[in-house]
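In: sequence? don't have it. structure:
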Ligand SMILES: [Zn+2]
Ligand SMILES: [Zn+2]
């Protein structure tokens, strides 16, 4: 269910509208999302806990890309063991942007794995449930 908010950019202070394709089961009040300001193009983190949805947002404001909730899944590159780590993200980025920029410390516990028990700094391999925004390119 989408919620529309009017927010001000944390960096340039300009107002814009934000649509969050919210899944109430997975978006807790402590969740934060990474938002890209449609006016200055900078990114900042936003917590929706203290925002009020605006049912009829003024349409003279710029609109950001919708925020989506997705699982990022990290598989072991050494042995192919699936799902070493799964993280939940709220983001307006595409897979291309996210998978390049996101890293997570993972440890593989698969006994035949050559990297077993070692910390590996990995990019996500795939998404679990949910979909990300299409690439801008
Ligand atoms: Zn801005
Ligand atoms: Zn492994």
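Out: Here it is on my side, so go on. These numbers were taken from a predicted model, which means no experiment stands behind them. Ligands and ions are numbered 1, 2, ... in the order given.
In: tell me which parts of this structure are close to ligand 2?
Out: Where the chain comes near ligand 2, counting by CB under 5 Å from the ion, the residues are 76, 78-79, 81, 108, 110, 113. C-beta here means a position set from N, CA and C on the backbone, and glycine is covered the same way.
In: Say whether ligand 1 is contacted by stretch 31-42.
Out: Yes - counting by CB under 5 Å from the ion, ligand 1 has neighbours in stretch 31-42: 37, 39-40.
In: Contacts for that stretch, please.
Out: Defining contact as CB atoms under 8 Å, 6 or more residues apart in numbering, one finds that stretch 31-42 is touched by 7, 9, 11-12, 14, 16, 18, 20, 43-49, 62-65, 67, 89-93.
In: Are any of the residues you listed buried, and if so which?
Out: 7, 9, 16, 18, 20, 43-44, 46, 48, 64-65, 67, 89-93 (16 or more other CB atoms under 10 Å).
In: packing partners for the lowest-mean-pLDDT helix or strand in the chain?
Out: Ranked by mean pLDDT, DSSP states H and E, the helix or strand of the chain with the weakest confidence is strand 2-8, at a mean of 88. Here strand 2-8 touches strand 15-21, going by 3 or more CB pairs under 8 Å, 6 or more residues apart in numbering; DSSP states H and E.
In: Next, the buried residues of stretch 103-114.
Out: Applying 16+ other CB under 10 Å to stretch 103-114 flags 106, 108, 110, 113 as buried.
In: next one: phi and psi at the nearest residue to the first one once chain neighbours are set aside?
Out: The one in question is residue 106. The spatial neighbour of residue 106 that comes closest, neighbours along the chain excluded (CB to CB, 6 or more residues apart in numbering), is residue 84 at 4.2 Å. Backbone torsions for residue 84, taken as degrees, to the nearest 10, come to phi -60, psi -40.
In: now the one 3 residues further on
Out: Comment: the main-chain dihedrals of residue 87 come out as phi -120, psi 150, following degrees, to the nearest 10.
In: Give me the number of neighbouring residues for the residue nearest to it when sequence neighbours are not counted.
Out: In space, and not counting its chain neighbours, residue 87 is closest to residue 72: 5.0 Å by CB to CB, 6+ apart. Residue neighbour count, defined by other CB atoms under 10 Å, stands at 23 for residue 72.
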